[in-house]
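K.L.:
Task: produce atomic coordinates for the following.
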Amino acid sequence: MEILAMNWKVNLYLAFLAILTITCKGRESQPAIDVPQDVAKVVERPEFSSDSAYQYIKHQVDFGPRVPGSEAHLKCSEWLAQKLKDFGATVQVQSTQLTTGENKSVPCYNIIASYLSESKSRILLSAHWDTRPWADQDDEHQDEPILGANDGGSGVGILLEIARQIQKHGTETGIDIILFDVEDSGVNHVEDSYCLGSQYWGKNPHELNYYAQKGILLDMVGAKDAVFTMEGASMSINPSWVNEIWDTAQKLGHGGYFQYKKTNSIIDDHVYVYKYTRTPMIDIIHYDQTTPSGFGSYWHTHQDDMEIIGKPTLQAVGETVLASIRNK
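P.N.:
Have a look, this model is predicted:
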C-alpha cells in the first residue's frame, strides 16, 4: 500500500485511472457524509466467528514474518492454499518471480480460491498475505521484518472464516477470494513498487478476460481501535457499493467502526485490480488521522502483533462483508 505526501498511500497517482482525477489532500479529510435515513432497516445477521478468524491470524503470525523468499513465506503459502481447499474452494496458486523496488527478485504466490466457478455473476474478495521486510516506522530494529498481525494477517483471517461460512451455507453467486502476495515490499521513492502481486495478477489474471461485478479489499482490518472511513479511490471507483456496505454496517450495529466520512485516496491492491481488469473493487482499510502515518501507531513497527488484534473488530468487518455479498 502506498500513501503519497505522508508515508506511502495518498494519491495524486490515480491519474492513470481513465475515469478518475483525484487531488492529494494531504491529511485533511472532506466533511462527514450524511447518514441515509433508511439505515435502521433490519438486515439478516450472518454467521461469522471472530474466534475462528482470530485463530487464523494467529496461525499466520506463528509462522513468523511472511517476507517473500523466506521459509515462513513458503510454508504459510502452502497452509493458506490447503485451508481454502479444506473449505471447499477450487484453488489455484499463481507462482512467479517479481522484482522489488530494491531490485531484488523474490517469489510471488497469489492464492486464488473460487466458488461457483461456472457462474458469470462474480464478487471478488481479497487481502494481501505477505508482511513488511523491515520496520521502517519503528524506533528500534528498523532493518528487521515485522510480524504483520494486522497488516497482512487480519484481512486473510477474516477471508478464511468467510470461506468456511461459504462452505457451510453455500453461495448464490460466484465468489473469488484472492490472497495477493508481495504487496508490502515497496519503497517510497520507487513508483509502483507496492502491490506487486496484484499488479502481476491484473496483467495475467487466472481466467482470460476476468471480470467481477464488484469487489472488496480488506487491509488492516483487525486492530482494537480500528476506524473505517470511506476511502477516496473507492468512492471514485464504486461509490454506490461503498455506501451499500457502510449502510449494511450501520444496520448491523457496527457504525462505530464504519464511519460516513470520506478520506484520502489510497494506492492499494484495489486500484490495480480496477486499472487492469476494470473490476470495481473498494477498500475497507483502517485510516486513523490522529497518527502521523494515518495507519495507527503500530503500523510498520514490531508492535504489529497479536496484542493489537480485537475480536469485536473482526466480528464487525466479517459480518458486514458477509451480509453485503449476500444482499448484493
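K.L.:
Okay, buried residues for the strand or helix carrying residue 215 please.
P.N.:
Take DSSP states H and E as the rule and residue 215 turns out to sit in strand 214-219. Under the neighbour-count criterion of 16 or more other CB atoms under 10 Å, strand 214-219 has 214, 215, 216, 217, 218, 219 buried. (C-beta placed from N, C-alpha, C; glycine too.)
K.L.:
Also stretch 90-102?
P.N.:
Applying a neighbour-count criterion of 16+ other CB under 10 Å, one finds 91, 92, 93, 94, 96, 98, 100, 101 buried in stretch 90-102.
K.L.:
From the residues you listed, pick the one nearest residue 110.
P.N.:
Nearest to residue 110 out of those is residue 94 (CB to CB; 4.0 Å).
K.L.:
and the residue nearest to that closest one when sequence neighbours are not counted, how many neighbours does it have?
P.N.:
Sequence neighbours aside, residue 110 is the residue nearest to residue 94 in space, at 4.0 Å (criterion: CB to CB, 6 or more residues apart in numbering). For residue 110, the neighbour count with other CB atoms under 10 Å is 25.
K.L.:
Count the neighbours of the nearest residue to residue 232 once chain neighbours are set aside for me.
P.N.:
Closest residue to residue 232 apart from its sequence neighbours, by CB to CB, 6+ apart: residue 265 at 3.3 Å. Residue 265 has 29 neighbouring residues, counting by other CB under 10 Å.
K.L.:
Surely residue 114 forms part of a strand?
P.N.:
Yes. Residue 114 forms part of a strand when assessed by DSSP: H, G, I helix; E, B strand; the rest coil.
K.L.:
list the contacts for it?
P.N.:
Neighbour list for residue 114: 89, 90, 91, 92, 174, 175, 176, 177 [criterion: CB atoms under 8 Å, 6 or more residues apart in numbering].
K.L.:
For it, list each beta-bridge partner.
P.N.:
Counting by DSSP bridges, residue 114 is bridged to residue 90, residue 176.
K.L.:
and it, how far is that from residue 42?
P.N.:
31 Å (CB to CB, to the nearest Å).
K.L.:
Isn't residue 132 up against residue 300?
P.N.:
Yes. Taking CB atoms under 8 Å as the definition, residue 132 is a contact partner of residue 300 at 5.5 Å.
K.L.:
intersection of neighbour lists for these two?
P.N.:
Shared contacts of residue 132 and residue 300, defined by CB under 8 Å, 6+ apart, comprise 146, 151.
K.L.:
Which stretches in the protein count as strands?
P.N.:
Assigned by DSSP state E, the chain shows strands spanning 90-99, 105-115, 122-128, 174-180, 214-219, 228-231, 258-263, 281-285.
K.L.:
That's all I had, so thanks and see you.
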